[in-house]
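Enquirer: Give me the fold of what follows.
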Amino acid sequence: MKTSAVAGTETMSAARAIVKSLQIEGISNVFCVPGESYLPVLDALHDENAIRVISARHESGAAFMAEGYAKSSLKPGIVLATRGVGAANLSIGVHTAFQDSTPMVVFLGQVHSKFRGREGFQEVDLDRFFGHIAKWTVEVKDPERMPELVQRALRVAQTGRPGPVVVSLPEDVLPVEAEMRFGPSAVTPRPKPSDQEAKNLEALLAAAQKPLIIAGGGVKSSQAEAELIAFAEKFSIPVMAAFRRHDCFPNDHPLYAGHLGLGTNPNVLQTVHDSDVILALGTRLSEVTTQDYTIITPDKKLIHVDIEQQTIGKVYAPDLGIVADLKEALHVLFEMDINRSWVKWADERRDAYEKASMLHVSHNDVLNKHIIAMVAEALPKHALLTNDAGNFAGWLHAFYPFTEKHTYVGPTSGAMGYGMPAALGAKLAFPDKTVVSMSGDGGFMMTFSELETAVRCNIPIISLVFNNQMYGTIRMHQEKHYPEKVIATDLGNISFQDLAKSVGADGYQVKTPDQFKKTFAHALKANKPCVIEIFTDKEQISVTSTITQIRDKAKRK
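Expert: Residues are numbered from 1 along each chain as shown. Modelled structure (predicted):
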């Protein structure tokens, strides 16, 4: 590598320019499955000691690790894979990052430029393949433009509404040397509300009888948790968390009114029904958060504040839409002159949440609730939990108290196989935190191979696997629509304890609360990858219903 006579430029290969761009951005971890199409990039990473390369067993696992890392660290998750086959395998991770507004940059090896359009070996038009599920896609055809486009990719991934960017790398471009010009690291714009927007919001809020805040991922992305607490406290406005954004507001705070997720308790949902002004802060008002787009009705005033212009009005036309960074917006809105508060309303909704989410357990409670209670009691307050898709998560969402920021990572996209790989990424982002993943037996098997990655790379996480030997969520819907006609949802008998031991992790099986309590205490002290398999009752299909109850209800229709 030579320093050019031209200021700010260096002569190096396009592959090394990628690594230098990552270095400028402060990237310390990248995730991959190696491939021959981008060997020059791997070689450049070999020579860069400041960046750790985590080689996964499957591209979807690598993508979920990167997504979990990015959600936790608030830095871009970096994934590398090869051509069409690797790209297709990791596409679910890209879709997850897109729906979850997670900054990610995916580098994909591409066939030689001369072979494009000939259906070359593993050829896929990556721009078109990812165009609908990525924030931006680009193929780098000129070596000297590598710094420009990679640094742009890193900037696009992090600014506005964060999301995934896919960079296609023809293999003939990577080894070519050229003069490379590098810019500074990305600077995130932080717009704030105008004076007039603040006055308009003040007028709408001052007229409210029952205002409500729905807080989403934008609170976490802008690191505005403290500002949200201060704002809510000043005006005594209840706060609800958008789907799988539990840790954006302390669940033990007197103003917290619940989580808008799957199977939310009707008494908690009543808070939204009774409200007359909704402040949607950093949320895209997704299908799940809005309960199939039903709970924000025309009789309510909607104030929508988000960093992304296209998010505002995408689902609901707001009475006031403000494009702003949440931290900056809350600083401005804190100064509003409103001579009233809504203490009685907030107390009522807090009481409804507490009654619906009591974590006290008795002998009559199912094992899943006992597990959540014991996990909540045993974990340090800053511990981080991840979860997979599945009905088992209903108990976590309904009962676990998230009291600190950066303590939860879950897929709003509902991707199966997410929980354990995401926990590996989260642990790399927060090495000093205890990290626990929760999965069903169906989802855990989809990316089980990454447990070997955890052992090989010495990433100590605890994986709880709720085993009812079926795809439980789909079985629940099956019973609702086609009672007793069970097909394709039953799964076989697998010993996750033995699988864990086979790759060098600790493995345990538990069937009772006492067994779990002892095993979990041991796992917390062991500081190594561990799987605790929890045998759960098939009949108790969800927090609120058994299979028999669902069948009986369906038959009465």
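Enquirer: and the residue nearest to residue 449 when sequence neighbours are not counted, what does it touch?
Expert: Among residues not flanking residue 449 along the chain, residue 57 sits closest, at 3.8 Å (C-beta to C-beta, 6 or more residues apart in numbering). The way it works is simple: take the backbone N, C-alpha and C, and place the C-beta from them, glycine included. With contacts defined as C-beta atoms under 8 Å, 6 or more residues apart in numbering, the neighbours of residue 57 are 33, 449-450, 452-453.
Enquirer: any idea how far residue 445 is from residue 486?
Expert: Separation of residue 445 from residue 486 (C-beta to C-beta, to the nearest Å): 19 Å.
Enquirer: Then residue 265?
Expert: Distance from residue 265 to residue 486, by C-beta to C-beta: 28 Å.
Enquirer: neighbour count winner among these two?
Expert: With neighbours defined as other C-beta atoms under 10 Å, residue 265 and residue 486 compare such that residue 265 has more, 17 against 13.
Enquirer: Just the pLDDT for the nearest residue in space to that one that is not next to it in sequence.
Expert: Using C-beta to C-beta, 6+ apart and skipping the chain neighbours, the partner closest in space to residue 265 is residue 356 (3.8 Å). The model reports residue 356 with a pLDDT of 88.
Enquirer: didn't residue 356 look like it was pressed against residue 269?
Expert: No. Using C-beta atoms under 8 Å, residue 356 is not in contact with residue 269, being 9.6 Å away.
Enquirer: which of the contacts of residue 57 has the most neighbours?
Expert: Using other C-beta under 10 Å as the neighbour test, the contacts of residue 57 are led by residue 450, with 29 neighbours.
Enquirer: Report the separation between that one and residue 244.
Expert: Taking C-beta to C-beta as the measure, residue 450 falls 21 Å from residue 244.
Enquirer: Could you do residue 415 as well?
Expert: Look at residue 415 and residue 244: by C-beta to C-beta, they are 11 Å apart.
Enquirer: for residue 333, same thing?
Expert: Using C-beta to C-beta, residue 333 is found at 25 Å from residue 244.
Enquirer: And for residue 483?
Expert: Computed with C-beta to C-beta, the distance linking residue 483 and residue 244 is 30 Å.
Enquirer: got it, and residue 343?
Expert: As defined by C-beta to C-beta, residue 343 lies at a distance of 29 Å from residue 244.
Enquirer: Between those two, point out the one with more neighbours.
Expert: Neighbour count, other C-beta under 10 Å: between residue 343 and residue 244, residue 244 has more, with 26 against 13.
Enquirer: The more buried one in helix, strand or coil?
Expert: Here residue 244 is coil, with the state taken from DSSP: H, G, I helix; E, B strand; the rest coil.
Enquirer: Show the pLDDT at it.
Expert: With respect to pLDDT, residue 244 has a value of 94.
Enquirer: which ones are touching it?
Expert: Contacts for residue 244 (C-beta under 8 Å, 6+ apart) come out as 261, 397, 408, 410-412.
Enquirer: a markdown table please, covering these and showing distance to residue 70.
Expert: As requested, those are exported to a markdown table (distance: C-beta to C-beta, whole Å):
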| residue | distance to residue 70 |
| --- | --- |
| 261 | 22 |
| 397 | 22 |
| 408 | 14 |
| 410 | 14 |
| 411 | 12 |
| 412 | 14 |
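Enquirer: pretty sure residue 164 is touching residue 157, no?
Expert: Yes. Proximity of residue 164 to residue 157 meets the contact threshold set by C-beta under 8 Å, at 6.7 Å.
Enquirer: who touches both of these two?
Expert: By the contact definition C-beta under 8 Å, 6+ apart, residue 164 and residue 157 are jointly contacted by 103-105, 135.
Enquirer: Out of those residues, which comes closest to residue 539?
Expert: Of all these, residue 104 has the smallest distance to residue 539: 39.7 Å, by C-beta to C-beta.
Enquirer: just to revisit the earlier point, which one of residue 164 and residue 157 has more residues nearby?
Expert: Using other C-beta under 10 Å, the more surrounded residue of residue 164 and residue 157 is residue 164, with 34 against 28.
Enquirer: Would you list the phi and psi of the more buried one?
Expert: Residue 164 adopts backbone torsions of phi -90, psi 140, taken as degrees, to the nearest 10.
Enquirer: now do the one 5 residues further on
Expert: Dihedral angles phi and psi of residue 169 (degrees, to the nearest 10) take the values phi -120, psi 90.
Enquirer: Would you mind confirming that it is in contact with residue 105?
Expert: No. In this structure, residue 169 is not within contact of residue 105 by C-beta under 8 Å, at 11.8 Å.
Enquirer: The two - which one has more neighbours?
Expert: residue 105 (30 against 27).
Enquirer: Would you agree the more buried one falls within a helix?
Expert: No. Under three-state DSSP, residue 105 sits outside any helix and is assigned strand.
Enquirer: Pull the contacting residues for it.
Expert: Contacts of residue 105 (C-beta under 8 Å, 6+ apart): 76-79, 150, 153-154, 157, 164-165, 167.
Enquirer: with those in mind, which one is nearest to residue 281?
Expert: Residue 281 lies nearest to residue 157 out of the contacts of residue 105, by C-beta to C-beta, at 22.1 Å.
Enquirer: host element of the closest one?
Expert: Taking DSSP states H and E as the definition, one finds residue 157 inside helix 146-158.
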